[in-house]
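> I'd like to go over a predicted model; first the sequence, then the structure.
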Amino acid sequence: MSKRSNLRNECETLRLENEWLRQKLARLEGSEDAFRPVGLTSLEEWGGGWTDDELADGGLKRREVKGDGRENLLWVDLEEVPQEEYGSFVVVVRDQIDRQRIETERRHSERFLRRVLDALGSAVLVARPDGMVIDGNRRFFDQLGQKREEVIGRKLVDLPSWAADEDLRCLLGHGLRKAAGGQTVRMDFQMRVEPDRPIWADLQIAPLPDEEGRVTHLVLSALDITGRCAAEQALRANEERLRLAAQATGFGSYDHDRSAGGEVIWSAELYRICGIPWTMAANSRLYRDLVHPDDLEAFDGLADRILVPGPEARHHELEYRIIRPCDGEIRWVRDVGRSFFSLDETGGTLSVVRVLGTLQDITRRKQAELRLEGSLRHLQEAHTELLRRERLAALGQLAGGVAHELRTPLGVIRNAVYYLEHTLPHNGTMDQVLGEIQRAIGSSDHIIAEMLEFVREPSLEKKVFPLGRAIAAARRSVTQPGGIEMVGPTGEFDPWVEANEDQIVRILINLLQNAVQAMGRQGVLKIQMESGEEPGQVLTLVSDTGCGINPDDLGRIFDPLFTTKTRGIGLGLSISLRYAEMNNGSLSVESKVGAGTTFRLSLQSVNPARKNP
C-alpha cells in the first residue's frame, strides 16, 4: 500500500507541476518581456556550474553563442519556480544583445536627430498643448538669446522676447489654442531679441496627434525673415517711388502677354489717366472703347501693325485722344511701346508674344501747342493785316493822286463829246463813235470812283434796318441779262440788322455783279438767307452757276488789285470785305470749277424794336 500511495502522490505531483508549467508558459507567451520560452527541464539537466557572477536578483543569467555565431543572453526566472515542490523551472531566452544594440542605435539616432535639428535654418520648438515648452533646437534658443534651461518648462507666451508686447502675446496665444484644436497656424510677427534689434519671423504651429487623433504635442517652427522683409519693404518703397514718378510725369504702363492666354496688366497710373476704376479687369477692347472716334482709324492701324512681326512692329509710337468715362474729359496721350517676337515649337513661324509700352498724358503739352499755334496764327494774321494795310495805304495815296489827275482830262473829254454831239450832223457812224467814247468815259469814271472809295475813310454811321430792304435795293441796281434767272426774296422782310445800310447795299451789288459776269449770258443767280451756327447770326448767300474760281486764285480774290477779269482793277471784293468787317460781320467764299461760286455775308441780327437815334 505504501508503494501505491507513493506512486499516487508522485502522479498528483506531476499533474500539479504540469498545470503550473502550463499556466507559467501561458503568462510568458502573453508577456511583453518574454521573448522566447524554451521549454521544461531540470536545473541539473539545463546546465550546472553556475558562478556567483551568473546569479542575479530573481534568477540566473548566462551568455551563450549559438551555432550561427549569434550571442544570446539567457535569463532564468526563479522567483516563480517552486523548486521545493516540483524541482522544475522554465527557461526564457531573451535576445538582450539585439535589445542593447537597438537601444544603442536609438541613442545614436537621437543624437543624429539632434544634430539635424540644430543644423536647420528654422528655429524648432516642441511644446505641450497648453503651451509649456518641452524642448527645442539650438537655433531657437539662440534667436531668443536665452539658455535651454531658462526656457524649458516655461509657458511660451511668457518668454521675455514678447512678454512686454500684449498684442503679440494675444496673437501667439490665439495661435496656440487653434493648433491645440487640431489646426495648423501660420503667421508673420516681429519680436525683439535685444532692445535695439527687432527681427521678423515666419511662425508655423502644427499639432502633433497620437494614433487616436488626440493632440499630444505642438511643433513650432520659426524662420528668420528679417532680410526678406527688409527686401520687401525696399521693393515696396521702390514701387512707391516709381508710382510717384510715373504720376508726376504722367506715365502709365501696360503689358500684354499673348503667350499667357492674352493676359493684360495695367499700372495704377494708366488706370488714373484713362479714368477707369482699378477694379475693372484690363483688356484691349475696354481700352479701344476709350479712343476718340476721330482717332480710331489711326489707333486700329497701329494695333494691326504691332501684331505683325517685322521692323514696323518692333517699336511703335502714336499720339491720339481718349475720352475718360468718369468725367467725359478728352485727354491727349502718347503711346510708345515695343513688340517681342518668338518662333513656334517647329521653329518655322514667327509671332508676337508680348507687347510692352507706356502711355503718357500729354494733354497740357497739346493744349500749350494749340495755344502756341493759335498765337502764331494770330501773329501771322496780324502781320499779314499789317502788310495789307501798308500796301493799302501806299495804294490809297497812289489812287488818290491818279484819280485826281484823271478826272480833269476825263472832264475835258466829256465836254468835247457833248460839243461834238450838238454841232456835228448826226449819222450812224458818228453816233456810234461818240457812244463808244461816252461808255469809255463812264467806265473810267467808275474806276476812279472805286479808287476814291477805296482810299476814302468809310462812314461808320449805323442804323437798324431790315436786311431784305438792302437786298431789294441791290437787285434794282444790277442789270439782269435776259438769259439769267435771279431767284430770291424781294421787298422788306426780317431779319433786322444794325449796320451801315449803304455799305451793305454796296457789298450785295458787288456780289451780284460778279455773279452775273461769271455766268455770261445764261444761268441761275440765287439769293438765300439762313441762320448761322452762332446765336443771332444771319447769313446771306449769293450763288451762281458760272465757271467757278480756280483753287489757286481762291485765296487771293480779296486782295486789292487782284482780278481775273478783262475789265476792272480788282477793288470790288476788297472793298466788300472791308465793309463787312467794319459792320462786325464777315465775308467768305466757296467755289468749284465748272459748278459755280457761293459768297456768304455774315451779319448779327438785332431786335427790330430798337429805334434809330
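Yep, that arrived.
> tell me which element P277 is part of?
Using DSSP states H and E, P277 is not contained in any helix or strand.
> So which residue is dead centre in this structure?
In the chain, the centroid-proximal residue (C-alpha atoms, centre = their mean) is L270; its distance is 3.1 Å.
> Tell me the secondary structure at that one.
Here L270 is helix, with the state taken from DSSP: H, G, I helix; E, B strand; the rest coil.
> Distance check, the nearest residue to it once chain neighbours are set aside against A368.
Excluding the flanking residues, the one nearest L270 by C-beta to C-beta, 6 or more residues apart in numbering is G252, at 2.8 Å. Glycine gets a C-beta too; all of them are placed from N, C-alpha and C. For G252, the distance to A368 equals 21 Å [C-beta to C-beta, to the nearest Å].
> Please identify the buried residues of the helix or strand encompassing L220?
Secondary structure from DSSP H and E places L220 in strand 215-224. Of the residues in strand 215-224, V215, H217, L218, L220, S221, A222, L223, D224 count as buried by neighbour count, 16 or more other C-beta atoms under 10 Å.
> would JSON lines of these with distance to A470 and pLDDT be doable?
As requested, the buried residues of strand 215-224 are exported to JSON lines (distance: C-beta to C-beta, whole Å; pLDDT from 0 to 100):
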{"residue": "V215", "distance to A470": "106", "pLDDT": "89"}
{"residue": "H217", "distance to A470": "110", "pLDDT": "88"}
{"residue": "L218", "distance to A470": "105", "pLDDT": "90"}
{"residue": "L220", "distance to A470": "102", "pLDDT": "86"}
{"residue": "S221", "distance to A470": "100", "pLDDT": "84"}
{"residue": "A222", "distance to A470": "98", "pLDDT": "82"}
{"residue": "L223", "distance to A470": "96", "pLDDT": "81"}
{"residue": "D224", "distance to A470": "96", "pLDDT": "80"}
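> Show me the two of those residues that sit farthest apart.
The span of the buried residues of strand 215-224, defined through C-beta to C-beta, is set by V215 and D224 at 26.8 Å.
> How is this protein divided into domains?
As recorded under automatic domain parsing, the domains making up the chain are 2-102, 120-224, 233-361, 368-453, 459-606.
> Compare these and give me the one nearest F112.
Counting by C-beta to C-beta, F112 lies closest to domain 120-224 out of the domains of the chain; the figure is 13.2 Å.
> So for the closest one, first residue to last residue, what's the gap.
12 Å (C-alpha to C-alpha, to the nearest Å).
> and what of stretch 181-199?
End-to-end distance of stretch 181-199 (C-alpha to C-alpha): 28 Å.
> who has more neighbours, G252 and A368?
Set G252 next to A368 and count neighbours by other C-beta atoms under 10 Å: G252 wins out with 22 against 11.
> how about G175, what does it touch?
The contact partners of G175, by C-beta atoms under 8 Å, 6 or more residues apart in numbering, come to V185, M187, L203, I205.
> Could you single out the nearest of the residues you listed to Q432?
Within these, distances to Q432 taken as C-beta to C-beta reach their minimum at M187, with 120.8 Å.
> that older thread, quick one, what contacts the residue nearest to L270?
Contact analysis of G252 by C-beta under 8 Å, 6+ apart lists 246, 266-274, 358-361.
> K565 now?
Counted by C-beta under 8 Å, 6+ apart, K565 has contacts Q517.
> that's a strand at it, yeah?
No: under three-state DSSP, K565 sits outside any strand and is assigned coil.
> now, of the domains of the chain, which is deepest in the fold?
Of all those, domain 459-606 has the most neighbours on average by mean count of other C-beta atoms under 10 Å, namely a mean of 17.
> Quick check: beta-bridge partners of the residue nearest to L270?
Listed by DSSP bridges, the beta-bridge partners for G252 are L359.
> how far away is it from R389?
According to C-beta to C-beta, G252 and R389 sit 51 Å apart.
> so what's the residue lying closest to Q513 once chain neighbours are set aside up against?
Closest residue to Q513 apart from its sequence neighbours, by C-beta to C-beta, 6+ apart: V478 at 5.8 Å. By C-beta under 8 Å, 6+ apart, the contact list for V478 reads I509, L512, Q513, V516.
> farthest-separated two in those residues?
Maximum distance among the contacts of V478 (C-beta to C-beta): 10.7 Å, for I509 and V516.
> Distance from the chain centre to the lengthiest helix in the chain, please.
Longest helix in the chain, counting residues (DSSP state H): helix 363-423. Counting by C-alpha atoms, centre = their mean, to the nearest Å, helix 363-423 is centred 58 Å from the centre of its parent chain.
> Also stretch 299-319?
Counting by C-alpha atoms, centre = their mean, stretch 299-319 comes out at 19 Å from the chain centroid.
> With only the CA atoms kept, save that stretch in PDB.
Provided in PDB are the C-alpha atoms of stretch 299-319 (Å, rounded to 0.1, in the frame of the first residue of the first chain):
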ATOM      1  CA  PHE A 299      -5.300 103.600 -83.500                       C
ATOM      2  CA  ASP A 300      -6.700 100.500 -85.300                       C
ATOM      3  CA  GLY A 301      -3.900 100.800 -87.800                       C
ATOM      4  CA  LEU A 302      -1.300 100.800 -85.100                       C
ATOM      5  CA  ALA A 303      -2.900  97.900 -83.300                       C
ATOM      6  CA  ASP A 304      -2.800  95.900 -86.500                       C
ATOM      7  CA  ARG A 305       0.900  96.800 -87.200                       C
ATOM      8  CA  ILE A 306       2.200  95.900 -83.800                       C
ATOM      9  CA  LEU A 307       0.800  92.300 -84.000                       C
ATOM     10  CA  VAL A 308       2.500  91.500 -87.300                       C
ATOM     11  CA  PRO A 309       6.200  90.600 -86.800                       C
ATOM     12  CA  GLY A 310       8.500  92.900 -88.700                       C
ATOM     13  CA  PRO A 311      10.500  96.100 -88.300                       C
ATOM     14  CA  GLU A 312       7.400  98.300 -88.100                       C
ATOM     15  CA  ALA A 313       6.100  96.200 -85.100                       C
ATOM     16  CA  ARG A 314       9.300  96.300 -83.100                       C
ATOM     17  CA  HIS A 315       8.800  99.900 -82.000                       C
ATOM     18  CA  HIS A 316       5.600 101.900 -82.200                       C
ATOM     19  CA  GLU A 317       4.600 105.500 -81.300                       C
ATOM     20  CA  LEU A 318       1.300 107.300 -81.700                       C
ATOM     21  CA  GLU A 319      -0.400 110.400 -80.300                       C
END
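> What's the separation between the closest residue in space to G483 that isn't next to it in sequence and T216?
Spatially, and ignoring its direct neighbours in sequence, G483 is nearest to Q522 (3.4 Å; C-beta to C-beta, 6+ apart). For Q522, the distance to T216 (C-beta to C-beta) stands at 118 Å.
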